[in-house]
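> Structural data only, the sequence is not supplied:
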């Protein structure tokens, strides 16, 4: 069939367009595969760079648990210290401390006064008003003066005409000077206008300050609620334990909204979207002809029943906070010291998931998951098996720190290799997030930009203990104290061996005893009386039996007091905290030791406070972008102040977000009570005195005292309701009128001067006397 010549053009164009599109797709695919290959190679190279650190992780974890076989007696001192400090450093979620920013502070009073004067001087209307006030005062004073002169003049004229001269006494006349009164009126009017201008200028600043305070209170509640819903404590405690064990701990925080571009987290928010994905993946596996169709059908029926129950929200929104193992975070080697991770060009986060879960999570590559590198989970160690390897064994492999290992390394300690390794790469240079699966030559999902954006690109938060200057990785407390831990176990093992070797023994003369008699001695029980018949009758028993001599135990050789003291110095744990008290101690001594522990662990608290301060700021930046005013009201209450449309820059200029120092650790109740006992009487007296000076009602003063009592009971550590012990407030209808506080008596001093004649009104009372 021939094609008309006039139709060859469009057909050729269509074929060329399709060929070009196919070529573009092939080129894009090749570019993507090359990028994925390069990133996986870059990550592998970086992990080799940090291989020594992961070896140390494995060694430290061996010290933290009982390494049976290394010594006969293995005391888990390191694990015990980790547990003690973990509860000491992190006992509760930290308290937010959101304060108005410095930019919300109004200018100083003298600066406001200068601004007001400049504005008044530049305003012609104000100058006219001042001049008019001066002119009015001048006219009024001149009129008053004329009235007085007219009243006094007739009497003086009559006395002169009668020849008597001026009267000997004239009425006291007020001192009226129109020029002076005009000047004073102009000045007072100008001051009044300036004060009004100062108030006008300060109102916007004060309003901004008030808004910042209310917004700060709202933000504290919102961030605290988001942390509570994300179960921060469940994730932060293992992070602190990781830092105490291997020197570093990681948290990952992100906003989850089921948009397909949520960062990978282990503690995801459960909702119907997860269930629907799992159901779809199971149905797809069944359609492909799975070897266990009956099991899959039963699984599908259970999932459908769960969906019909509607026990989960349809789409969940909120913060997700996850603890990440130290070996699952890879920071770019070019970063240098890990504490500078915020400046790293990229950070990769490793997670493991089953193949079916990966198909549901990444439908973009569901068909290619089969080619992924398989991993198997390492089984928990069997406590009945002896591990003869020492914690300082140089032959420890870096893979011993991993909880998953490749299928090619399968051993009896691994489960079936049916998991895949997912790398989430946060590339700061391109401001994108890449998701890769080992063994799959393309992206697990298209690269995306983090949403919402924050002032810090990375969602990772690091807590470090034992930072060493110039070293990339921190030195853990276990690594610092490893020789002492081994020495302690060595001393205790030697003590046990010595005790075993000095069991009481008795030797006997076998040449003077028949074999039956020897068997009676060897088979006799403890404290049993055995009759012997020596071959030479009459031989004294002291010649037949005698105790074997052995070396006595010298307690000084096995004293561990010095070792414990040095361990406590390294770990910052005092006797009162570790319960290693040998003699009775007074409460004062225990308090001194507790204070010493607080001082020694201060640097640990400081690092933890720094991390949670950054997490608070990050959560606040996410909240203002993702929460509407209705969401804020649902979290903080109907009085919440939540300006919508705020940016990160607006947040920084309005408030400063941080936490109260040391609020996440175990409180030092003794010191806090002593401080409050000193401050409470001062506050109580101040409430009464300020109330009297301000003329406050007794009800207002009573409310303040009630708040003081509530705060005092709260600081005792017991949940006591102060309202149970205080009289209730009377009804509004039955309340008597408020009584004014007694007036403050006047201070002693010279008598007040006599009152001068009025200057604002005409002296009509003095005029008749002049007549």
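Received, thanks. Note that this is a predicted model, so its numbers are computed, not measured.

> Where does the record place the domain boundaries for this structure?
105-206, 503-549, 669-724 (automatic domain parsing).

> Can you get me the start-to-end distance on the longest one?
Taking CA to CA, to the nearest Å, domain 105-206 runs 8 Å from one end to the other.

> For it, what is the distance to the chain centroid?
62 Å (CA atoms, centre = their mean, to the nearest Å).

> For that domain, give the mean pLDDT please.
Mean per-residue pLDDT for domain 105-206: 78.

> Also the shortest one?
Mean pLDDT, computed over domain 503-549, is 79.

> Equivalent analysis for stretch 716-735, please.
The average pLDDT for stretch 716-735 rounds to 72.

> that older thread, now the domains of the chain in a markdown table, with distance to residue 652 and mean neighbour count?
(Each C-beta comes from the backbone N, C-alpha and C, glycine too.) As requested, the domains of the chain are exported to a markdown table (distance: least, CB to CB, whole Å; neighbours: other CB atoms under 10 Å):
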| stretch | distance to residue 652 | mean neighbour count |
| --- | --- | --- |
| domain 105-206 | 15 | 14 |
| domain 503-549 | 74 | 11 |
| domain 669-724 | 32 | 13 |
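
> okay, these in a markdown table with distance to residue 255 next?
Putting the domains of the chain into a markdown table (distance: least, CB to CB, whole Å) gives the following:
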| stretch | distance to residue 255 |
| --- | --- |
| domain 105-206 | 32 |
| domain 503-549 | 67 |
| domain 669-724 | 33 |
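
> Could you say which one of those comes nearest to residue 350?
For these, the distance to residue 350 is smallest for domain 669-724, at 41.8 Å, taking CB to CB.

> And residue 72, how far from residue 337?
Using CB to CB, to the nearest Å, one obtains 41 Å as the distance from residue 72 to residue 337.

> now residue 353
32 Å.

> now do residue 716
44 Å.

> and what of residue 653?
According to CB to CB, residue 653 stands 32 Å off from residue 337.

> Strands of the stretch 301-450 of the chain, residue ranges please.
318-324, 329-331, 346-354, 374-377, 404-406, 419-427, 432-437, 445-448 (DSSP state E, counting those that start in this stretch).

> Quick one: closest of the ones you listed to residue 77.
Ranking these by proximity to residue 77 (CB to CB) places strand 318-324 first, at 24.5 Å.

> in the closest one, what's buried?
319-324 (16 or more other CB atoms under 10 Å).

> That one pairs with which strands, and in what direction?
According to DSSP bridges, strand 318-324 forms sheet pairs with strand 248-256 (antiparallel).

> Report the mean per-residue pLDDT for the partner strand.
The model assigns strand 248-256 a mean pLDDT of 92.

> that older thread, among the domains of the chain, which comes closest to residue 440?
Nearest of those (CB to CB): domain 669-724, 54.4 Å.

> how close does residue 549 sit to residue 507?
Distance from residue 549 to residue 507, by CB to CB: 10 Å.

> go on, residue 555?
28 Å.

> likewise residue 726?
83 Å.

> Residue 337 too?
Computed as CB to CB, the residue 337 to residue 507 distance reads 66 Å.

> Then residue 643?
94 Å.

> ok, now which ones touch the spatially most central residue of the chain?
For the chain, residue 612 is the residue whose C-alpha lies nearest the centre (CA atoms, centre = their mean; 2.7 Å). Counting by CB atoms under 8 Å, 6 or more residues apart in numbering, residue 612 touches 94, 659, 664.

> relative to strand 318-324, how tilted is the strand or helix carrying it?
Applying DSSP states H and E as the criterion places residue 612 in helix 602-626. Per axes from the mean of the first three to the mean of the last three CA atoms, to 10 degrees, the angle that helix 602-626 makes with strand 318-324 is 150 degrees.

> what is the orientation angle of the helix or strand that helix 602-626 is followed by with strand 318-324?
Once the chain leaves helix 602-626, the next helix or strand it forms, by DSSP H and E, is helix 629-636. Counting by the same axes, to 10 degrees, helix 629-636 lies at 60 degrees to strand 318-324.

> Which helix or strand lies directly C-terminal to helix 629-636?
Next element after helix 629-636 (DSSP H and E): helix 648-654.

> List the contacts of that next one.
100-101, 103-104, 208, 211-212, 215, 453-455, 620-621, 624-625, 646, 657.

> List buried residues within those residues.
Listed as buried from the contacts of helix 648-654 are 100-101, 104, 208, 211-212, 215, 454, 620-621, 624-625, 646, 657; burial here means 16+ other CB under 10 Å.

> Which member of the residues you listed is positioned nearest residue 678?
For the buried ones among the contacts of helix 648-654, the nearest to residue 678 is residue 100 (28.1 Å; CB to CB).

> That closest one: what's it in contact with?
Taking CB under 8 Å, 6+ apart as the test, what residue 100 contacts is 209, 212-213, 216, 654-656.

> what would the residues you listed look like in CSV with secondary structure?
As requested, the contacts of residue 100 are exported to CSV (DSSP: H, G, I helix; E, B strand; the rest coil):
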residue, secondary structure
209, helix
212, helix
213, helix
216, helix
654, helix
655, strand
656, strand
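
> could I get those as a markdown table with pLDDT and distance to residue 199?
As requested, the contacts of residue 100 are exported to a markdown table (pLDDT from 0 to 100; distance: CB to CB, whole Å):
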| residue | pLDDT | distance to residue 199 |
| --- | --- | --- |
| 209 | 89 | 15 |
| 212 | 90 | 20 |
| 213 | 91 | 20 |
| 216 | 92 | 25 |
| 654 | 89 | 23 |
| 655 | 90 | 25 |
| 656 | 90 | 28 |
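
> Let me know the closest of those to residue 512.
The closest of these, once distances to residue 512 are taken by CB to CB, is residue 656, at 94.7 Å.

> Please report how far that closest one lies from residue 664.
Counting by CB to CB, the separation of residue 656 from residue 664 is 19 Å.

> So for those two, which residue has more residues nearby?
Set residue 656 next to residue 664 and count neighbours by other CB atoms under 10 Å: residue 664 wins out with 23 against 19.

> Just confirm that one is within a helix.
No. Counting by three-state DSSP, residue 664 falls outside a helix, being coil.

> now the residue nearest to it when sequence neighbours are not counted: how far from residue 622?
Of all residues not flanking residue 664 in the chain, residue 94 sits nearest, at 4.0 Å (CB to CB, 6 or more residues apart in numbering). For residue 94, the distance to residue 622 (CB to CB) stands at 17 Å.

> More neighbours: which of the two?
Between residue 94 and residue 622, counted using other CB under 10 Å, the more crowded position is residue 94 (25 against 22).

> Assign a three-state SS to that one, would you?
Looking at residue 94 with three-state DSSP, the answer is coil.

> Now do the contacts for it.
609, 612, 616, 659-660, 663-664.

> now the residues you listed as a markdown table including pLDDT?
Below are the contacts of residue 94 laid out as a markdown table (pLDDT from 0 to 100):
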| residue | pLDDT |
| --- | --- |
| 609 | 90 |
| 612 | 93 |
| 616 | 94 |
| 659 | 90 |
| 660 | 87 |
| 663 | 79 |
| 664 | 79 |
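
> Isn't residue 532 up against residue 513?
Yes. Using CB atoms under 8 Å, residue 532 is in contact with residue 513, at 6.7 Å.
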